[in-house]
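[1] Mind folding the following:
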Amino acid sequence: MIAIDGTNALKITAAMWIDCGVSKNLIYDLFFDRYKSIYCQLFAHTMLLPDVDYCGKDLITETVKKVYAEMSSWSV
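    Residues are numbered from 1 along each chain as shown. I've put the predicted structure just below:
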């Protein structure tokens, strides 16, 4: 399911941002455009996904929201 794959990509990127020891500048440069795109697509998805009781927006965790806010205000 694409929504699940997108959510997993956001979670992995958020985990790297928070505690991987990788330069935040590098993570931002390599991943922010795609992170933002996936985040916005999931956030806008308010219809229930097939065969489950949640929508794309429900898959965005508090950690992912926090990292998105940090990355959005990041300046390199």
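[2] ok, so what distance separates I12 from F32?
    14 Å (C-beta to C-beta, to the nearest Å). Backbone N, C-alpha and C define where each C-beta goes, glycine included.
[3] who has more neighbours, those two?
    F32 (18 against 12; other C-beta atoms under 10 Å).
[4] helix or strand right after the helix or strand where that one lies?
    Using DSSP states H and E, F32 sits within helix 24-44. Once helix 24-44 ends, the next helix or strand along the chain (criterion: DSSP H and E) is helix 62-72.
[5] what's T46 in contact with, if anything?
    C55, G56, K57 (C-beta atoms under 8 Å, 6 or more residues apart in numbering).
[6] Now the helix or strand hosting A3 - C-alpha only, PDB.
    Assigned by DSSP H and E, A3 belongs to helix 2-19. What follows is helix 2-19, C-alpha atoms only, in PDB (Å, rounded to 0.1, in the frame of the first residue of the first chain):
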ATOM      1  CA  ILE A   2       1.500   3.300  -1.100                       C
ATOM      2  CA  ALA A   3       0.300   5.200   2.000                       C
ATOM      3  CA  ILE A   4       2.100   2.700   4.300                       C
ATOM      4  CA  ASP A   5       5.300   2.900   2.200                       C
ATOM      5  CA  GLY A   6       5.200   6.700   2.300                       C
ATOM      6  CA  THR A   7       4.600   6.700   6.100                       C
ATOM      7  CA  ASN A   8       7.600   4.400   6.600                       C
ATOM      8  CA  ALA A   9       9.800   6.700   4.500                       C
ATOM      9  CA  LEU A  10       8.700   9.600   6.700                       C
ATOM     10  CA  LYS A  11       9.400   7.700   9.900                       C
ATOM     11  CA  ILE A  12      12.800   6.600   8.800                       C
ATOM     12  CA  THR A  13      13.800  10.100   7.700                       C
ATOM     13  CA  ALA A  14      12.400  11.500  11.000                       C
ATOM     14  CA  ALA A  15      14.500   8.900  13.000                       C
ATOM     15  CA  MET A  16      17.600   9.900  11.100                       C
ATOM     16  CA  TRP A  17      16.900  13.600  11.800                       C
ATOM     17  CA  ILE A  18      16.400  13.000  15.500                       C
ATOM     18  CA  ASP A  19      19.200  10.600  16.500                       C
END
